[in-house]
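# Mind looking at a prediction? Sequence and model below.
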Amino acid sequence: MRLLILSLLIYLAYRLFKNWALPGQSSTGTPEQEGLVMVDDVMVKDPFCETYFPQRNGIKKVIGGQTYYFCSTECRDKYLEAIKDSKQ
């Protein structure tokens with residue numbers, strides 16, 4: 001019984017010290033539970049070669065009011081050429 005009470009007191013002292021030493025950190029849950037998870041990046045599909053890549057690494061091009069992301073300048077140029085050829 002004494003060991004249980006001693007363990008409880010040590011745990012409470014630990015929690016009080018932790019809250020005092022790190023007041024800005026909440027121990028109520030994980031970031032997922034608190035809704036604070038942010039997506040690092042979104043995977044997008046290149047419309048020409050159909051490979052997936054992180055959007056932040058892509059080449060952005062607005063065509064006809066719609067935004068496209070390409071994995072490389074070569075794929076962007078080939079896609080623009082294919083659009084140009086299909087309109088003729």
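Nice, thanks for sending it over.

# Name the residues linked to Ile63 by a beta bridge.
Counting by DSSP bridges, Ile63 is bridged to Gln66.

# show me the contacts for Met43.
52-55 (CB atoms under 8 Å, 6 or more residues apart in numbering). Just so you know, the C-beta spots here come from the backbone N, C-alpha and C atoms, and that holds for glycine as well.

# So what's the gap between stretch 41-49 and the chain middle?
16 Å (CA atoms, centre = their mean, to the nearest Å).

# Endpoints of it, how far apart?
Terminal residues of stretch 41-49 lie 20 Å apart, using CA to CA, to the nearest Å.

# Please identify the buried residues of it?
For stretch 41-49, the buried set under the neighbour-count rule, 16 or more other CB atoms under 10 Å, comprises 44, 46-48.

# need the helix or strand of this structure with the lowest average pLDDT.
helix 31-34 (a mean of 56; mean pLDDT, DSSP states H and E).

# Tell me which helix or strand comes right after it.
strand 43-45 (DSSP states H and E).

# Who wins on neighbours among the contacts of Met43?
Greatest neighbour count in the contacts of Met43, by other CB atoms under 10 Å, goes to Phe53: 17 neighbours.

# mind checking the SS state of that one?
Three-state assignment for Phe53 (DSSP: H, G, I helix; E, B strand; the rest coil): strand.

# Tyr68 now?
strand.

# Give me the pLDDT for the closest residue to it other than its chain neighbours.
Excluding its sequence neighbours, the residue lying closest to Tyr68 (CB to CB, 6 or more residues apart in numbering) is Lys61, at 5.2 Å. Looking at Lys61, its pLDDT reads 96.

# tell me the domain ranges of this structure?
2-34, 43-87 (automatic domain parsing).
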